[in-house]
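take a look and give me a structure for this.
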Amino acid sequence: MSTIPKNINKPSALKRVRLVSHLLDNAIPIPGTRFRVGLDPILGLLPGAGDFLGAALSAYIVIEAARFGLPRETLTQMVTNLVLDSVGGSLPVLGDVFDATWKANSRNLALLEAHVATPSPKKAANRGFVVLIILLLVVLLVGIAAIATLLITWLLKTISG
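The predicted model follows:
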């Protein structure tokens, strides 16, 4: 992980975001390769709950990024990465492969790091936009939980006859 730039006023927050991103996307090396996976695709193996937990941890990165004063465009790109990760990752089996290769959290960390290294001349997203993003993330999490509940209920009814 790179060093903390001297101009940063929230070094502990940046360290936490780096740690969460690393754990979710790159914590585990695959022996004999240069490829790494994180907990995100492993959590995805747990039907419903794993996808929910992965999305919640990914949402934390986006919320912290908003606190760093990122512009609307960058936050929108981060949310798009998270939504693609959540939708793609929810597909049975293929979703876990997608999670292991898409690495939305690493992408979002790179966007945050780029902003921290050279702050954008664009102004930070306003409070209303940040609230909208948080609401979107909550809707995403509730949607994941609802779909997981419906699928598990259907599966249990199908198995029990």
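
what helix or strand is the residue nearest the centre of the chain located in?
Note on the chain: the residue nearest the mean C-alpha position is residue 58, at 2.4 Å, using CA atoms, centre = their mean. Using DSSP states H and E, residue 58 sits within helix 49-67.

mind listing what's buried along the following helix or strand past that helix?
As assigned by DSSP H and E, the chain's next helix or strand after helix 49-67 is helix 72-89. For helix 72-89, the neighbour count (16 or more other CB atoms under 10 Å) marks 72, 74-75, 78-79, 81-83, 85-89 as buried. To be clear about C-beta, it is placed using only N, CA and C from the backbone, and glycine gets the same treatment.

do the same with stretch 37-47
37, 38, 39, 40, 41, 42, 43, 44.

sitting in helices, which of those residues do you find?
With DSSP state H as the criterion, helices contain 39, 40, 41, 42, 43 from among the buried residues of stretch 37-47.

what residues are up against the fourth one?
Contact criterion CB atoms under 8 Å, 6 or more residues apart in numbering gives 28, 50, 96 as the residues in contact with residue 42.

of those, grab the buried ones for PyMOL.
Per 16+ other CB under 10 Å, the buried members of these correspond to this PyMOL selection:
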select buried, resi 50+96
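
what's the local residue count around residue 146?
Burial of residue 146 is recorded as 11 neighbouring residues (other CB atoms under 10 Å).

can you tell me how far it sits from residue 107?
Noted for residue 146: a distance of 26 Å to residue 107, by CB to CB, to the nearest Å.

span of stretch 63-74 from start to end?
End-to-end distance for stretch 63-74: 12 Å, by CA to CA, to the nearest Å.

and it, which residues are buried?
Those would be 63, 64, 65, 66, 68, 69, 70, 71, 72, 74, for stretch 63-74 by 16+ other CB under 10 Å.

reformat the residues you listed as JSON lines; add pLDDT and distance to residue 13.
Output for those, formatted as JSON lines (pLDDT from 0 to 100; distance: CB to CB, whole Å):
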{"residue": "63", "pLDDT": "94", "distance to residue 13": "10"}
{"residue": "64", "pLDDT": "94", "distance to residue 13": "6"}
{"residue": "65", "pLDDT": "93", "distance to residue 13": "10"}
{"residue": "66", "pLDDT": "92", "distance to residue 13": "11"}
{"residue": "68", "pLDDT": "90", "distance to residue 13": "7"}
{"residue": "69", "pLDDT": "89", "distance to residue 13": "12"}
{"residue": "70", "pLDDT": "92", "distance to residue 13": "13"}
{"residue": "71", "pLDDT": "92", "distance to residue 13": "18"}
{"residue": "72", "pLDDT": "92", "distance to residue 13": "20"}
{"residue": "74", "pLDDT": "95", "distance to residue 13": "16"}
